[in-house]
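Here is a sequence with its predicted model. Questions after.
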Amino acid sequence: MKTKDFENKILSLSDQVYRMVYRMLQNHESSEDAVQEIMIKLWDKRKKIRNHPNIPGFVFLTARNYCFDLLKKKKPNFNSSEYQLKRVESDTNLHQIEWRELTENVKKILKELPPKQAEVMLLRDLDGFEFKEIAIITNQKIAHVRVLLSRARKQVGVQLTKIYNYEYPKI
C-alpha cells in the first residue's frame with residue numbers, strides 16, 4: 001500500500017477511530033496516544049492490509065483490540081479529578097439536568113447488560129456504525145448483531161420504564 005492509499009483508506013478514518021477509542025478509554029490524552037499507536041501499527045502492516053477485503057473493518061477491529069489490551073492493563077479511574085470535574089460542571093437548566101440523569105441511568109443499565117449486547121448497542125447507537133461494520137468489529141454474523149441490539153434496546157427500555165414509572169407501580 002502506497003502512502004497516498006494509506007492516507008485515503010486508513011488515516012481518513014482516524015476521527016471515527018478516535019471517537020470509538022475515547023468512548024472506551026474515557027480520557028482525552030490516552031485516546032490521542034492510542035489512536036497514534038494504532039495508526040503506527042497499521043502503517044507497519046500496510047503491505048498485509050493492502051489486499052484485505054474490508055479495510056475499515058480491520059482498522060476498527062484493531063482499534064478495539066488495542067483498547068481492550070490497554071484496559072486490561074489499567075482499569076479506568078472514575079474517581080479521577082477530570083471525571084469528577086465533568087460531573088460538577090453543570091448549568092441550572094432543567095432540561096440539561098434531566099438529560100444528564102437519563103444518560104447516567106442508561107450508563108448504569110449498560111453496565112448490567114451482557115458485554116456483547118452493550119458493545120453492539122454502543123457501536124450502533126453511539127458511534128453510528130452500520131450492522132456490517134459492527135459484525136466485523138465484533139466478529140459476529142449480521143443477524144446475530146441485530147438480535148443483540150434488539151435485546152439490548154429492549155432491556156434498556158424495560159429498565160428505564162422501571163426507573164421512571166416508580167410513581168405508578170403495576171398491581
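Thanks, I have the structure now.

which residues touch residue 47?
Shown in contact with residue 47 (Cβ atoms under 8 Å, 6 or more residues apart in numbering): residue 1. (Glycine included, C-beta is placed from N, CA and C.)

my read: residue 56 touches residue 132, true?
No: counting by Cβ atoms under 8 Å, residue 56 sits too far from residue 132 to count as a contact (9.8 Å).

higher neighbour count, the two?
The neighbour count for residue 56 versus residue 132, taken as other Cβ atoms under 10 Å, is higher for residue 56 (20 against 13).

can you give me the helices for the protein?
Using DSSP state H, the helices of the chain run over 3-9, 14-25, 28-44, 46-49, 55-73, 81-88, 94-112, 115-121, 131-138, 142-164.

Tabulate those helices (a markdown table), appending mean pLDDT.
Shown next, in a markdown table, are those (pLDDT from 0 to 100):
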| stretch | mean pLDDT |
| --- | --- |
| helix 3-9 | 85 |
| helix 14-25 | 88 |
| helix 28-44 | 91 |
| helix 46-49 | 86 |
| helix 55-73 | 88 |
| helix 81-88 | 51 |
| helix 94-112 | 81 |
| helix 115-121 | 91 |
| helix 131-138 | 90 |
| helix 142-164 | 91 |
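
can you list the residues that contact stretch 138-147?
Contact with stretch 138-147 is made by 61, 116, 119, 120, 123, 131, 132, 134, 135, 148, as judged by Cβ under 8 Å, 6+ apart.

Of those, which is the most crowded?
residue 120 (29 neighbours).

Leaving aside the residues adjacent along the chain, what's closest to it?
Leaving aside its sequence neighbours, residue 120 sits nearest to residue 148 (Cβ to Cβ, 6 or more residues apart in numbering; 4.4 Å).

ok, that neighbour touching residue 118?
No: judged on Cβ under 8 Å, residue 148 makes no contact with residue 118 at a distance of 9.2 Å.
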